[in-house]
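Undergrad: One predicted model, sequence on top.
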Amino acid sequence: MGLLQNLVSGMGKNRKEFKEKMRQAQEEMKIQKLLEERQKSANRRELEKHMEEQEEAQIKAQLDRIHKQQNKEMWKSKKTLLGEKTTILRDDRPILKEKNIFIDHSNDIPFTKKGDMFFKW
């Protein structure tokens, strides 16, 4: 029991250390980025902002093309249910000729009997 508790507490300790290191690294990156931005001129910052927006627009357009192509392939693929020619009117099991399972032919339901709609005890 003590070994298991030590193992679990050790994992929790490692996780806390990892989270603390991640938080410190993110703070350092944020400080570094802020320093770099302050060293740039206003024109350079504006130009980089527009270039980033254009790059994001190009990435979005490429992803849209990829998603459209994947969607088209999915609909035309023969591996999907739509690619197979399946019908409910197969010869091996004609569903339309089977007994209707949703109709209950027994008369022991009180609501189908004439008279009171509540159960009689």
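TA: Cool, got the structure.
Undergrad: For the host helix or strand of E55, which helices and strands make contact with it?
TA: Using DSSP states H and E, E55 maps to helix 42-76. Contacting helix 42-76 under the criterion 3 or more Cβ pairs under 8 Å, 6 or more residues apart in numbering; DSSP states H and E is no other helix or strand. Quick note: C-beta positions are derived from backbone N, CA and C, even for glycine.
Undergrad: pLDDT wise, what is K97 at?
TA: Note on K97: pLDDT of 74.
Undergrad: Compute the number of surrounding residues for it.
TA: Residues within reach of K97, counting by other Cβ atoms under 10 Å, total 7.
Undergrad: so what's the backbone phi/psi at it?
TA: Main-chain dihedrals, K97, degrees, to the nearest 10: phi -100, psi 0.
Undergrad: For the longest helix along the chain, give the mean pLDDT please.
TA: Criterion DSSP state H: the longest helix present in the chain is helix 2-39. Across helix 2-39, pLDDT averages out at 87.
Undergrad: Need the three-state assignment for K78.
TA: With DSSP: H, G, I helix; E, B strand; the rest coil as the basis, K78 sits in coil.
Undergrad: Same question for K99.
TA: K99 ends up coil, using three-state DSSP.
Undergrad: ok, now how distant is M29 from R23?
TA: 11 Å (Cβ to Cβ, to the nearest Å).
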